[in-house]
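[1] give the three-dimensional model of this entry:
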Amino acid sequence: MEEFRAIEFQRARDFSKKMNATFEFIRQNFKSLGKSILYIAGPSVLVGSLLIGSFMGEFMTLSQSMQNNAGNPEAFGDYFLSVNFWVQLILMFIFLFISFIVTIATINNYLIIYDERKTNKIEVQEVWDRVRNTFWTYLGSTLLFFVFLIIAYIVLLIPIVVLGSISGFLIFFGVMAFICGIFYLIFSASLTFFIQSYEKKNFFDSVVRSFRLVNNGKWWSTFGLVFILQMIMGVSSYIFLIPYYIIIFTSSMHSVSTGSAMEFSDSMKIWTMVFFTLYYMAQMLLYALPNIGIAFQYFNLVELKEARGLMNQIENLGQANSPENRPEEHY
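    Next comes the predicted model:
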């Protein structure tokens, strides 16, 4: 049996070592971390996934019906104005919102417990106890992020309006500046949630702390790490949609060969709900990848700027060599 060796968090790592540490952590904690995510975040993720699958199934049915019947704008209008559409949309938003918060809280608290105990034998109840205390903090932070994102959107939109009033050609540069500004803000604040849990800071202090760490010459490093892990997450979760598109392609080819219009049957609607449900559930579970990567980037930046790990090693070395910690000598 392979001997377990806890990963040291307080350490400076280059890009490849952060990637290796992220996947090594996943390998070590696949069972216990996966169980924690499924048990704690699973119920809300499942409900949200089912709502997405049902929504996509109904939307595809309506779209296919519109295509086969040469278009009926009133059908679309009635659908979007129906009570069922808005109830489903609101419930979907609520459960996806809760799923996002609970998933992040579960992953971050698991990471902190692992760092404290230096073991992967972590029980779901232990993680759940901390998630309950973190949930409302993350909920408030997410809402504040949403508010500030709207403010940033309005502020960054002003240059586009100004450039557009000068020349239509300059709008392109305004849009590019807008996109760059949004990306800059998002990745600069990417450490906020983990800082809130690990350093027990409030939202505003955590955002400031994240900006100072990331923008200490490490913005591109943070962007690259999170972007690549997000891409891996997206591609991996997209695998669950490949069978669905194969079924759609096969059905459309059959319709072309027979000369009949493709019909979105009840069985196709069920397949749509099943595969989109699996896709979203996989996406939420795989969100552990970028979230763990963010945690390793946090420790990397803190070590580079403050050398906490090195200071701890020096302190432990001094304690190990102190007279009171020396073993008793027998003559």
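[2] after the helix or strand harbouring Ile242, next one along is what?
    In this structure, Ile242 sits in helix 242-258 according to DSSP states H and E. Downstream of helix 242-258, the next assigned helix or strand under DSSP H and E is helix 266-286.
[3] for the chain, which spans come out with low pLDDT?
    For the chain, the stretches flagged by pLDDT under 70 are 1-2, 63-79, 254-266, 308-331.
[4] biggest helix in it, by residue count?
    helix 124-166 (DSSP state H).
[5] and that helix, what does it pack onto?
    helix 15-36, helix 83-117, helix 171-188, helix 192-199, helix 203-214 (3 or more Cβ pairs under 8 Å, 6 or more residues apart in numbering; DSSP states H and E). Heads up, the C-betas are built off the backbone N, CA and C, glycines and all.
[6] which residue comes closest to Val203 once chain neighbours are left out?
    No, residue 203 isn't Val; it's Phe. Excluding the flanking residues, the one nearest Phe203 by Cβ to Cβ, 6 or more residues apart in numbering is Ser141, at 4.8 Å.
[7] and that neighbour, how far is that from Phe172?
    34 Å (Cβ to Cβ, to the nearest Å).
[8] who's more crowded, the two?
    Neighbour totals were compared for Ser141 and Phe172, and Ser141 leads with 22 against 11 (other Cβ atoms under 10 Å).
[9] pull up the gap between the more buried one and Tyr184, please.
    19 Å.
[10] residues of stretch 296-304 that come out buried?
    Judged by neighbour count (16 or more other Cβ atoms under 10 Å), stretch 296-304 contains these buried residues: Phe296, Gln297, Tyr298, Phe299, Asn300, Leu301, Val302, Glu303.
[11] list of residues touching that stretch?
    For stretch 296-304, the surrounding residues in contact (Cβ atoms under 8 Å, 6 or more residues apart in numbering) are 9-13, 18, 21-22, 25, 191, 194-195, 198, 213-214, 216, 218, 221-222, 225-226, 308-310.
[12] again, but for stretch 14-32
    4, 7, 13, 33, 110, 114, 120-123, 221, 224-225, 228-229, 288-289, 292-293, 296-297, 300.
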